[in-house]
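> no FASTA, just this:
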Ligand SMILES: [Zn+2]
């Protein structure tokens, strides 16, 4: 993947496009907002453009960042493909020149978006990229700048209709956790709000991404059980929701699902409608368990055995395969193929 050169080339081309744009203002964004398909397309392209620019300018074409970019493109294309009003990878790009540059530098996502599965959403990948670019110290602040720049539509609901939600790629909530305020880890809530995408992404993360305790807890609660995790007292875990008007992150209580799954104090007792595993706490606590030995050795989970985990995994996999077939993903011989640019790199 000759990413370094092409990202720089992209950046130059993008500056040219931005100049063109200043001369001829684009169609009003508000027009796009009326249509969820357009919204997904616009958000996808914005995220791709902004991150490619940042990699070129501030990341000096860092190789790891390029691989995250590759993974992000795949995740966006996958979401476009499984969306009820399907979007092909090409449809995300309005300018042929930009499509050509991106597809020649990142060819794999264009080939594997419907045969291979992502393990997380574009926004989760964005968090890892922001951490490389700005370190955890400046992550929240820089994320706010980026979100302000991108102007995604408000994902919560259209004015006057709580049922109808815009499809954007922004996770409204992020979570920060650590062991006694040492190394901080970040996670995001699920940003895909439409159709089966949310359930599919949760199942994929359970099977392939999250620490086994977190996967166990999520799968157990989703199937009517209740095997929660209790963390040592040194756990710090704080979620933040973005106030869109002031563009600041404000502290947010854990929801009742997370309160039960992770035995978090001060959880909001109100019943929630989104599925277990949806919240930012899930990804964040999983990262903490994967990276922090003390947490891993001292967290306690009820009824955890390899057999129980395997049982939960098989039923999750069976449900997932049915869902994937419904949304047009090729699953051959019940064999799930995951997309992993890091593994492809070492395989080369
Ligand atoms: Zn929650």
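Looks like it arrived, so ask away. Since the structure is predicted, the reported quantities are computational estimates derived from the model, not experimental observations.

> How much space separates residue 178 from the ion?
If you measure residue 178 against the ion using C-beta to the ion, to the nearest Å, the figure is 18 Å. The C-beta positions use only the backbone N, C-alpha and C, and glycine is treated the same way.

> what's the neighbour count on that residue?
The tally of other residues near residue 178 (other C-beta atoms under 10 Å) stands at 19.

> and the chain, what are its domains?
As assigned by automatic domain parsing, the chain contains the domains 1-154, 171-331.

> Might you quantify the distance of the helix or strand harbouring residue 174 from its chain's geometric centre?
Residue 174 belongs to strand 173-179 when assigned by DSSP states H and E. Centroid displacement of strand 173-179 relative to its chain, using C-alpha atoms, centre = their mean, to the nearest Å, is 15 Å.

> how far is stretch 62-79 from where the chain is centred?
11 Å.

> and it, what's its mean pLDDT?
Averaging pLDDT along stretch 62-79 gives 96.

> what's the answer for stretch 339-347, then?
74.

> With stretch 174-192 instead?
When pLDDT is averaged over stretch 174-192, the result is 92.

> same for the helix or strand containing residue 323, what does it pack against?
Assignment of secondary structure by DSSP H and E places residue 323 within helix 306-326. Helices and strands touching helix 306-326, as assessed by 3 or more C-beta pairs under 8 Å, 6 or more residues apart in numbering; DSSP states H and E, comprise helix 197-208, helix 212-222.

> out of those helices, which comes closest to the ion?
When those are ranked by distance to the ion, counting by C-beta to the ion, first place goes to helix 212-222 at 10.9 Å.

> can you give me how far the closest one is from the chain middle?
The mean C-alpha position of helix 212-222 is separated from the chain mean by 19 Å, C-alpha atoms, centre = their mean.

> Can you check what angle separates it from helix 197-208?
On the basis of axes from the mean of the first three to the mean of the last three C-alpha atoms, to 10 degrees, helix 212-222 is oriented at 140 degrees to helix 197-208.

> going on from the helix or strand hosting residue 284, what's the next piece of helix or strand?
Secondary structure from DSSP H and E places residue 284 in helix 280-291. Sequence-wise, the next helix or strand downstream of helix 280-291 (DSSP H and E) is helix 293-298.

> Any buried residues in that next one, and which?
Within helix 293-298, the residues scored as buried using 16 or more other C-beta atoms under 10 Å are residue 295.

> Residue 241 touches residue 173, doesn't it?
Yes: with contact defined as C-beta atoms under 8 Å, residue 241 and residue 173 form a contacting pair (5.0 Å).

> neighbour count winner among the two?
Legend: neighbour count by other C-beta under 10 Å for residue 241 and residue 173, higher for residue 173 (20 against 17).

> what's the closest residue to that one other than its chain neighbours sitting at in phi/psi?
In this structure, residue 173 finds its nearest non-sequential neighbour in residue 189, 4.2 Å apart by C-beta to C-beta, 6 or more residues apart in numbering. With angles defined as degrees, to the nearest 10, residue 189 sits at phi -70, psi 170.

> What is the neighbour count of residue 189?
The burial count assigned to residue 189 is 25, neighbours taken as other C-beta under 10 Å.

> mind showing which ranges of the stretch 151-300 of the chain have poor pLDDT?
155-166, 192-195 (pLDDT under 70).

> Contact distance from the ion - what residues of it qualify?
Proximity of the stretch 151-300 of the chain to the ion, by C-beta under 5 Å from the ion, involves residues 255, 257, 258, 279.

> List the ones among those residues that fall in helices.
Within those, membership in helices is found for 257, 258, as judged by DSSP state H.

> Neighbour count for the residues of the stretch 151-300 of the chain next to the ion - can I get that in a markdown table?
Below are these laid out as a markdown table (neighbours: other C-beta atoms under 10 Å):
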| residue | neighbour count |
| --- | --- |
| 255 | 24 |
| 257 | 24 |
| 258 | 27 |
| 279 | 27 |
